[in-house]
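Trainee: My questions concern the predicted model and sequence given below.
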Amino acid sequence: INAEYMGFKAQLIVMGYLDTLLKESAWLCLVLLFATSVHAGVEINLARLLQYNKDAQDHGSQLASLNFAGVYFAGDALRKIAFLHFDDIGDNSVMNLLHKKPNGLIIILPRVISEMAMWHTLQKFFYDETFPIPIYVAFENEPLMQIYKDLQVKETQLAEAPTKSFFSKMFETVMAEDYQVSVSIDEPKSSSPLQLENFYYLLSSSQDQKEERKASKPVIIISATYDVFSLAPDLSHGVNSNGSGLIALLELFKAYQKLFAAYGSFSKYDLLFLLTPTGSLNYRGTELFLNDLPESLSQKIEFALCLDSLGANDDLFLHLSRPPKTGEATSLSILEAFTITTSQMGVNYSTVRKAINQTLDFIPWEHEKFAYKKIHGATVSSLPTAASHPLDKGSMYDTTISTKILKRNIEIIAETLTKSMYGIIDQKNSIFTGDYDGLNSGYIEQLAQFLQQTSRFPTKLVKNSETMKEFTKIINKVIPNVTKMGVEYKDTDFYTNAQSKMKVIKVKSRLTDMFLFVVIGIYLVGLYAYLSGLNTFLSEVGSLFGKKEKVKLQISSTPSHQHNIA
């Protein structure tokens with residue numbers, strides 16, 4: 001009895017160890033399965049393409065979220081996220097890719113682009129058409145380019161598969177890795193109507209003039225826009241167009257505030273500074289400002305000088321819709337002063353005259369809005385030609401300016417206006433050049449750095465937005481008593497974009513998981529057979545697949561038995 005008891009006890013101990021070992025082995029195998037299937041992921045900054053509705057027609061990328069496997073653009077992109085580098089774009093390559101019906105598209109852009117003509121064509125294609133998938137752009141970086149190369153290598157291996165043996169194909173398939181791509185973000189919402197703001201300030205040359213929106217002398221308007229337009233709203237930095245115009249206006253205000261404080265009484269003019277947020281929206285803010293001006297002030301406006309893209313070209317151009325008439329003394333004086341000042345400073349300068357085409361939906365220059373109100377004006381710019389499309393008003397690649405060129409152009413504008421305002425056109429001595437502290441290179445660089453990091457797409461500039469709060473602080477610091485004016489825009493319905501991050505995880509293929517599952521299953525069955533004994537294992541297997549005896553129930557034919565069974 002003792003021997004049988006001890007044997008039974010030993011059997012229980014062995015079975016306990018066996019059960020524990022099997023459980024731990026199973027958990028270990030599952031951990032190994034997960035560990036070999038998933039690798040650490042990376043996060044990459046993305047910017048979704050523009051989405052808008054105009055004239056009841058949707059345009060641009062219509063969706064935002066995605067969670068699918070990544071694929072090289074030349075491969076089978078059906079229900080996957082296609083990766084396409086700009087340098088690999090050829091004739092009809094984008095159209096051919098979209099015909100494969102991918103679930104999303106990631107366009108990788110080089111840091112420096114050489115094929116600008118192709119880039120403009122591609123931008124207009126994505127701007128005009130409608131795409132029922134998420135489309136993102138991202139500038140190339142090391143993690144993103146590694147993903148792209150891995151996808152390209154995998155596609156090359158698949159293309160060479162027909163020439164390989166069955167076992168070679170099977171091994172490569174089992175060992176292949178995929179990239180799982182996901183962007184978790186709320187779907188975009190309509191932002192119409194946009195509630196934006198104009199900023200303006202009348203700088204009077206008379207010391208006793210304190211009343212707002214009243215001028216004691218003829219008025220010259222200095223105007224600039226501060227919004228930016230591009231194919232990807234999150235990348236609408238526009239440091240040159242029109243960040244340089246914004247910087248120039250603020251620097252000119254500081255310069256003339258000091259000049260008027262000392263010599264304002266000698267000036268023939270007052271200055272009205274205007275900042276509007278709709279340079280990419282047909283200058284709607286400028287139009288509303290002019291409509292809202294009291295007649296007493298609007299009648300005193302004799303010239304409007306608009307500032308646009310002043311920091312990226314050695315040459316300087318003055319764009320006009322028509323030459324000044326004989327009786328427009330202010331316009332004639334300013335144009336003459338521009339010619340003299342640029343000649344004295346050795347700058348290549350020319351005027352460009354282009355008549356207004358009122359049949360076009362797109363307005364290229366701000367001075368055309370003043371022309372509609374019978375105010376003669378011009379736009380000074382480093383651009384030789386007018387924009388012909390909204391996307392020409394900004395670019396994702398517009399991220400730098402030449403501080404030296406911008407400072408020089410501000411000095412030219414200040415010298416020109418001062419010579420005209422004070423009637424000293426022939427004077428050769430420079431007022432605003434050299435060490436004059438009104439033009440501060442440090443401030444220009446600091447503000448340019450802020451613009452490099454901040455998107456100024458119109459949807460980012462709505463009232464009380466974080467971007468607008470920061471922007472208002474900058475303006476108030478230079479112009480403390482600046483006046484705001486509300487601007488409502490609803491001609492185009494833009495959809496809001498939030499900052500996006502793409503998470504990419506490298507995973508083994510599903511065949512790899514299946515292969516590992518089978519191998520682990522065989523291992524666990526073998527382990528159990530070894531520890532429990534072959535005979536016991538075979539007996540248990542036999543009991544699973546053996547025949548079962550059929551049990552028949554004999555029912556008596558008597559009514560009482562039938563009743564009981566029922």
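Mentor: Perfect, thanks for sending it. Numbering: from 1, shown residues only.

Trainee: Can you pull out the low-pLDDT segments for the stretch 51-200 of the chain?
Mentor: Within the stretch 51-200 of the chain, the segments meeting pLDDT under 70 span 161-176.

Trainee: Apologies, that question was intended for the stretch 451-566 of the chain.
Mentor: 509-513, 515, 537, 544-566.

Trainee: please redo it, this time with the cut-off set to 90
Mentor: Within the stretch 451-566 of the chain, the segments meeting pLDDT under 90 span 496-500, 506-566.

Trainee: how about the helices of it, start to end?
Mentor: Taking DSSP state H, counting those that start in this stretch, the helices of the stretch 451-566 of the chain run over residues 466-478, 510-532, 534-545, 559-565.

Trainee: Run the chain-centre distance for the third one.
Mentor: What it means is helix 534-545. 65 Å (Cα atoms, centre = their mean, to the nearest Å).

Trainee: contact partners of it?
Mentor: Residues outside helix 534-545 that contact it (Cβ atoms under 8 Å, 6 or more residues apart in numbering): 528-529, 532. Heads up, the C-betas are built off the backbone N, CA and C, glycines and all.

Trainee: Let me know the closest of those residues to F289.
Mentor: Among those, Y528 lies closest to F289 (Cβ to Cβ), at 84.0 Å.

Trainee: What separation do you get for the closest one and I424?
Mentor: 103 Å (Cβ to Cβ, to the nearest Å).

Trainee: R456 too?
Mentor: According to Cβ to Cβ, R456 and I424 sit 37 Å apart.

Trainee: for I301, same thing?
Mentor: 23 Å.

Trainee: go on, G377?
Mentor: In terms of Cβ to Cβ, G377 sits 23 Å off from I424.

Trainee: So which of those two has more stuff around it?
Mentor: G377 (26 against 14; other Cβ atoms under 10 Å).

Trainee: right, and the more buried one touches I334 too?
Mentor: No: applying Cβ atoms under 8 Å as the test, G377 and I334 come out as separate, 10.0 Å apart.

Trainee: hey, what's in contact with both of those two?
Mentor: Here G377 and I334 share the contacting residues 303, 305, scored by Cβ under 8 Å, 6+ apart.

Trainee: just for the stretch 301-450 of the chain, where's the confidence low?
Mentor: Counting by pLDDT under 90, the ranges of the stretch 301-450 of the chain that qualify are 312-313, 357-361, 388-390, 392-395, 425-443.

Trainee: could you redo the last one with a cut-off of 80?
Mentor: 394, 426-440 (pLDDT under 80).

Trainee: Do a quick rundown of the helices in it.
Mentor: Using DSSP H, counting those that start in this stretch, helices in the stretch 301-450 of the chain cover 329-344, 367-372, 403-421, 441-452.

Trainee: R111 contacts A138, doesn't it?
Mentor: No: if you go by Cβ under 8 Å, R111 and A138 don't touch, sitting 11.3 Å apart.

Trainee: neighbour-wise, which of those two wins?
Mentor: Comparing R111 with A138 by neighbour count (other Cβ under 10 Å), the higher total belongs to A138, at 19 against 9.

Trainee: List the contacts of that one.
Mentor: 44-47, 106-109, 144, 502.

Trainee: swap the cut-off to 7 Å and go again
Mentor: 44-46, 106, 108-109, 144 (Cβ atoms under 7 Å, 6 or more residues apart in numbering).

Trainee: ok, now S182?
Mentor: 66-67, 503 are the contacts of S182 under Cβ under 7 Å, 6+ apart.

Trainee: Highest neighbour count among those residues?
Mentor: Neighbour max across those (other Cβ under 10 Å) = L66, 22 neighbours.

Trainee: partners of the spatially closest residue to that one that is not a sequence neighbour in the sheet?
Mentor: Spatially, and ignoring its direct neighbours in sequence, L66 is nearest to G104 (4.2 Å; Cβ to Cβ, 6 or more residues apart in numbering). When assigned by DSSP bridges, G104 has beta-bridge partners I81.

Trainee: ok, the nearest residue to N497 once chain neighbours are set aside to Y523 distance?
Mentor: Spatial nearest neighbour of N497, chain neighbours left out: P233 (4.8 Å); criterion: Cβ to Cβ, 6+ apart. Computed with Cβ to Cβ, the distance linking P233 and Y523 is 54 Å.

Trainee: Neighbour count for those two, which is higher?
Mentor: Neighbours per residue, other Cβ under 10 Å: of P233 and Y523, the larger number sits with P233, 24 against 13.

Trainee: residues in contact with the more buried one?
Mentor: By Cβ under 7 Å, 6+ apart, the neighbours of P233 are 50, 455, 457, 459, 497.

Trainee: which parts of stretch 377-387 are buried?
Mentor: 377-383, 386-387 (16 or more other Cβ atoms under 10 Å).

Trainee: what's the offset of it from the middle of its chain?
Mentor: The chain centroid and the centroid of stretch 377-387 are separated by 26 Å under Cα atoms, centre = their mean.

Trainee: Residues contacting that stretch, please?
Mentor: 303-310, 312-313, 315-320, 354, 364-367, 370-371, 393, 413.

Trainee: Tell me the buried residues within the residues you listed.
Mentor: Buried subset of those (neighbour count, 16+ other Cβ under 10 Å): 303-310, 312-313, 316-320, 364-367, 370-371, 393, 413.

Trainee: Look at the residue nearest the centre of the chain and tell me its secondary structure.
Mentor: Centroid check for the chain by Cα atoms, centre = their mean gives D234 as the closest residue, at 2.6 Å. Here D234 is recorded as helix under DSSP: H, G, I helix; E, B strand; the rest coil.

Trainee: ok, now which ones touch the nearest residue to F303 once chain neighbours are set aside?
Mentor: Sequence neighbours aside, T330 is the residue nearest to F303 in space, at 4.7 Å (criterion: Cβ to Cβ, 6+ apart). Going by Cβ under 7 Å, 6+ apart, T330 touches 218, 220, 302-303.

Trainee: Now distance to R79 too, for these, in TSV please.
Mentor: Below are those laid out as TSV (distance: Cβ to Cβ, whole Å):
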residue	distance to R79
P218	67
I220	61
E302	64
F303	60
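
Trainee: neighbour-wise, which of these leads?
Mentor: Busiest of the contacts of T330 [other Cβ under 10 Å] is F303, holding 27 neighbours.

Trainee: what's across from that residue in the sheet?
Mentor: I220.

Trainee: hang on, it packs against S333?
Mentor: No: with contact defined as Cβ atoms under 7 Å, F303 does not count as touching S333 (8.8 Å).

Trainee: and S230, what are its phi and psi?
Mentor: Main-chain torsions, S230, degrees, to the nearest 10: phi -160, psi 170.
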